[in-house]
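> structure, please.
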Amino acid sequence: MKIVPGRIERVVRRVVGGDGHSGASTSDPSVSEQPVPIPPAAKANDIDLAMIVGAQRSGTTWLQLLCAAHPKIAGGEELHLFGRYVGHLVAAYYNDQREFAGKGRGQGLPSLLTTTEFDNAVKCFTTTVFSQLVRGKPGSELAIEKTPDHVLHLHYIRHLYPNVKVIHVIRDPRDVVVSQLAAAASWGDGWAAKTVAEAAERWVEWVTKGREFGKTAPWYTEVRYETLLNDGPRELARVYAFLGYPLPAEQVEKIYSDFAITRMKANTAPRVLVKTRDGQSASVAPPAPAAPAGASRESTTSAPPGFFRKGKAGGWRESMSEDDIRTVERIAGPLMRELGYAPAEVAPAPEAAPESAAVSTASNS
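So this is what the prediction gives:
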């Protein structure tokens with residue numbers, strides 16, 4: 001079965017409810033109207049968990065590193081846990097459950113596992129994964145995971161983890177488009193959008209899903225990339241407080257300085273991501289010394305060359321054509337205005353001459 005973005009979310013929402021809480025959708029007769037409880041056994045395996053999500057190339061990696069530098073917070077590389085692994089299993093289970101509901105017999109996992117038992121098994125697995133982050137950083141208490149497309153799976157994630165904190169990073173779509181196209185031309189060929197329109201449409205979809213999910217919920221917050229760039233220590237302090245782990249102002253300022261964009265590009269920021277596969281941790285490692293010319297050394301992250309670009313807000317003004325600007329604003333304009341991103345002062349595209357006029361001009365030449 002082919003799983004497409006958004007399909008897992010639609011399937012799960014029919015069962016766990018549109019707000020991420022348990023409860024069946026009464027609009028779908030194939031789903032039981034009995035509420036689906038959070039797996040009781042899985043509650044014993046709860047973990048203090050936070051998710052960083054957002055449209056790709058919005059600054060999620062930067063915020064992840066800033067959070068992972070906190071002594072009580074552990075973060076690792078992108079896990080793609082729900083999109084690449086668990087999501088396929090979840091979609092298959094709920095699809096089978098709906099397909100065979102009311103038919104007197106069934107096949108697949110629903111023939112043996114109730115929804116509660118299935119969710120319990122899934123949560124035990126995902127908690128085992130997240131726990132590796134905390135185990136890999138001595139003294140940490142909160143696991144923070146950053147996979148941008150988890151924004152498409154937030155309903156099921158919160159179904160399993162009702163206390164999860166969600167941080168949604170939002171950036172000007174024009175900067176996102178420029179960065180995605182640059183990635184598509186090099187290291188991000190396998191996932192990045194290939195056209196301006198595709199990148200803009202993806203931004204609208206992902207940002208909209210994140211905002212619809214969180215709305216005004218106390219466990220959801222938004223971080224504007226521009227604010228993190230221009231008022232970094234204050235915004236980072238707010239994020240730490242939201243996560244429940246505030247730090248003194250001077251400590252926040254030191255962490256922010258350690259992960260300045262210039263240091264990220266130069267690969268001189270501290271190594272803070274947990275590496276647990278071999279039982280080792282890079283979470284508390286000091287910055288690696290400068291390498292001799294031509295030598296290589298361990299990176300701050302596993303990010304490929306070119307991952308950290310200019311990092312400036314409004315950089316699109318220097319590289320985006322007027323046609324591309326018009327395309328982005330045509331697609332993303334309403335959401336841009338809602339978020340306070342002002343449209344560019346670009347003249348409308350010239351209208352093409354009518355075919356009859358073009359023929360007349362040619363005949364008279």
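
> could you point out which element follows the worst-scoring helix or strand of the chain on mean pLDDT?
Least confident helix or strand, the chain: helix 40-43 with a mean of 44, by mean pLDDT, DSSP states H and E. Sequence order places strand 49-54 as the next helix or strand after helix 40-43, per DSSP states H and E.

> just checking, what packs against the helix ranked longest in the chain?
If you go by DSSP state H, the chain has its longest helix at helix 115-135. Packing partners of helix 115-135 (3 or more CB pairs under 8 Å, 6 or more residues apart in numbering; DSSP states H and E): helix 40-43, strand 73-75, helix 87-100, strand 142-146, helix 154-160. Yep, even glycine has a C-beta here, placed from its N, CA and C like the rest.

> for R224, which of these is the nearest?
R224 lies closest, by CB to CB, to one member of those: strand 142-146, at 16.7 Å.

> output the closest one as CSV, nothing but the C-alphas.
C-alpha atoms of strand 142-146 as CSV (Å, rounded to 0.1, in the frame of the first residue of the first chain):
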residue,chain,number,x,y,z
LEU,A,142,13.4,15.9,28.2
ALA,A,143,13.7,14.2,24.8
ILE,A,144,13.2,16.6,21.9
GLU,A,145,12.8,15.3,18.4
LYS,A,146,13.0,17.2,15.1
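
> ok, back up a step: buried residues in the longest helix of the chain?
115-116, 118-123, 125-127, 129-134 (16 or more other CB atoms under 10 Å).

> quick check: buried residues in stretch 79-95?
79, 81-83, 86-87, 89-95.

> count of neighbours near G75?
By other CB atoms under 10 Å, 27 other residues sit near G75.

> pretty sure it is touching L243, no?
No. Using CB atoms under 8 Å, G75 is not in contact with L243, being 11.4 Å away.

> what is in contact with the two at once?
C67, I144 (CB atoms under 8 Å, 6 or more residues apart in numbering).

> avg pLDDT for the longest helix of the chain?
Mean pLDDT, computed over helix 115-135, is 95.

> checking L113 next. Helix, strand or coil?
Under DSSP: H, G, I helix; E, B strand; the rest coil, the three-state class of L113 is coil.

> looking at it, it is touching V122, isn't it?
No. Between L113 and V122 no contact is recorded; they are 10.1 Å apart, counting by CB under 8 Å.

> which residues in the stretch 201-350 of the chain form strands?
Using DSSP state E, counting those that start in this stretch, the strands assigned to the stretch 201-350 of the chain run over residues 220-224.

> so, low pLDDT: which residues of it?
276-312, 346-347, 349-350 (pLDDT under 70).

> which parts of it are helices?
225-230, 232-243, 249-258, 261-266, 316-319, 322-339 (DSSP state H, counting those that start in this stretch).

> how about those helices in a markdown table, adding mean neighbour count and distance to V274?
Shown next, in a markdown table, are the helices of the stretch 201-350 of the chain (neighbours: other CB atoms under 10 Å; distance: least, CB to CB, whole Å):
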| stretch | mean neighbour count | distance to V274 |
| --- | --- | --- |
| helix 225-230 | 18 | 22 |
| helix 232-243 | 19 | 17 |
| helix 249-258 | 16 | 17 |
| helix 261-266 | 15 | 18 |
| helix 316-319 | 14 | 34 |
| helix 322-339 | 17 | 33 |
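
> go through these and name the closest to D46.
Per CB to CB, nearest to D46 of the helices of the stretch 201-350 of the chain: helix 232-243, 15.8 Å.

> quick one, phi psi at H168?
When read as degrees, to the nearest 10, the backbone of H168 gives phi -110, psi 110.

> how many residues are close by it?
By other CB under 10 Å, neighbour count at H168 equals 25.

> of the helices and strands packed on helix 115-135, which is nearest T60?
Of all the helices and strands packed on helix 115-135, the one in closest proximity to T60, counting by CB to CB, is strand 142-146 (5.3 Å).

> parallel or antiparallel, which strands does that closest one pair with?
Applying DSSP bridges, strand 142-146 is found paired with strand 49-54 (parallel), strand 73-75 (parallel).

> just these: most buried one?
Comparing the strands paired with strand 142-146 by mean neighbour count (mean count of other CB atoms under 10 Å), strand 73-75 comes out on top with a mean of 28.

> possible to save the buried residues of stretch 79-95 as a markdown table with pLDDT and distance to I325?
Below are those laid out as a markdown table (pLDDT from 0 to 100; distance: CB to CB, whole Å):
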| residue | pLDDT | distance to I325 |
| --- | --- | --- |
| L79 | 94 | 35 |
| L81 | 96 | 36 |
| F82 | 96 | 34 |
| G83 | 92 | 31 |
| V86 | 95 | 39 |
| G87 | 92 | 35 |
| L89 | 95 | 42 |
| V90 | 95 | 39 |
| A91 | 94 | 37 |
| A92 | 94 | 42 |
| Y93 | 94 | 44 |
| Y94 | 93 | 41 |
| N95 | 92 | 41 |
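
> of these, closest to D323?
After measuring those against D323 - CB to CB - the closest member comes out as G83, at 32.5 Å.
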